[in-house]
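>>> The following comprises the amino acid sequence and a computationally predicted model.
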Amino acid sequence: MGKIDLHSIAGPGVLIAVVCLWCYYRKTESHRRKESRHRITLYTYPNYRSMRCIWLATELGIDNNIKMIEMDPHDKRKCESYKTAVHPHCTIPALVLEDGNTIIESGAICLYMADFHKSLVPETQWIADYYNWIVYACSTLDDMMETIYLQWYLTDSEDQNEQLVKRMTDKFQVFADYFNNYLKGKSFICGDKFTAADCIMGYNIWWASGMREGCLIDQYPEIISYLSRLQSRYAFQNTFPS
Ligand SMILES: N[C@@H](CCC(=O)N[C@@H](CS)C(=O)NCC(=O)O)C(=O)O
């Protein structure tokens, strides 16, 4: 048997070691980068109010920096740990920040993201309308729409409360009339500028358009054209199923 020529194997050996080190470095570096990109976590569920937040994050161009976790609030087992760690009511959405602070209201998440990024916020003269419509959508409007939705879609027809449905649909018509008038001469809630308020209220309008063939809003031309302006946006199309 001849002698092993160390010189002849040293070359390829060093080369292999360098390649291995390089691969290891690339792997850990890309993991580190991914982790640092995903410092905040948004809990989502398809068609739920988390759509407001995903849409706004996409408009802001920060959707890739957020770790999105789909969380089914009807899964009892998952709900137990989610309730303890994230959202006491086990509802969607919730945003967990880098420092562990948690925001558990869709409207507050949207306000936080827009303020933090200083983008899609209103000009001074529109601040009153901005807050007015955001808070109205997340409280009064969400409340009446949820009642209508639960009655129409999640209650057996023989158990439906007709009086309640009538009261809520009448109230919705008062809103639709008022909002339709408000929109006259405006492209968005804050005039010509698209803001976070449009992601919040726009979600309700999209939601209404999907209930019983859009009968709640189909007589309101300003609302219909507002919805089509929203639907023409890339971030909307990327967020909502067509
Ligand atoms: N006011 C809350 C409402 C959250 C909420 O009720 N989310 C619904 C879906 S849109 C949910 O998670 N429901 C599941 C359940 O109640 O079990 C917000 O706007 O974030």
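Done, it's in.

>>> And for residue 109, the neighbour number?
Close neighbours of residue 109, defined as other C-beta atoms under 10 Å, add up to 25. Where you see a C-beta, it was placed from the backbone N, CA and C, and this is true even at glycine.

>>> what packs against the helix or strand where it lies?
Per DSSP states H and E: residue 109 is located in helix 106-117. Contacts defined by 3 or more C-beta pairs under 8 Å, 6 or more residues apart in numbering; DSSP states H and E place helix 106-117 against helix 50-60, strand 94-96, helix 127-136, helix 196-209.

>>> mind redoing it with 10 Å?
Packing partners of helix 106-117 (3 or more C-beta pairs under 10 Å, 6 or more residues apart in numbering; DSSP states H and E): strand 40-44, helix 50-60, strand 94-96, strand 102-103, helix 127-136, helix 196-209.

>>> Could you check the angle it makes with strand 40-44?
With axes from the mean of the first three to the mean of the last three C-alpha atoms, to 10 degrees defining the directions, helix 106-117 sits at 150 degrees from strand 40-44.

>>> ok, helix 106-117 near the ligand or not?
Yes. Applying C-beta under 6 Å from any ligand atom, one finds helix 106-117 touching the ligand at 106-107.

>>> about what we covered before: just put the helices and strands packed on helix 106-117 in TSV and tack on mean neighbour count.
Formatted as TSV, the helices and strands packed on helix 106-117 follow (neighbours: other C-beta atoms under 10 Å):
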stretch	mean neighbour count
strand 40-44	21
helix 50-60	25
strand 94-96	23
strand 102-103	18
helix 127-136	17
helix 196-209	25
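
>>> who in the protein is up against the ligand?
Counting by C-beta under 6 Å from any ligand atom, the chain sits next to the ligand at 48-49, 73, 91-93, 105-107, 138.

>>> What is the nearest of these to residue 121?
Among these, residue 107 lies closest to residue 121 (C-beta to C-beta), at 14.1 Å.

>>> Surely that closest one is in contact with residue 196?
Yes. Contact criterion C-beta atoms under 10 Å: residue 107 and residue 196 qualify, at 9.1 Å.

>>> what do the two both touch?
52-53, 134 (C-beta atoms under 10 Å, 6 or more residues apart in numbering).

>>> Now distance to residue 80 too, for those residues, in a markdown table please.
Listed next are those as a markdown table, based on distance: C-beta to C-beta, whole Å:
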| residue | distance to residue 80 |
| --- | --- |
| 52 | 26 |
| 53 | 24 |
| 134 | 32 |
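
>>> got the residues you listed as CSV, with pLDDT columns?
Listed next are the shared contacts of residue 107 and residue 196 as CSV, based on pLDDT from 0 to 100:
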residue, pLDDT
52, 98
53, 98
134, 98
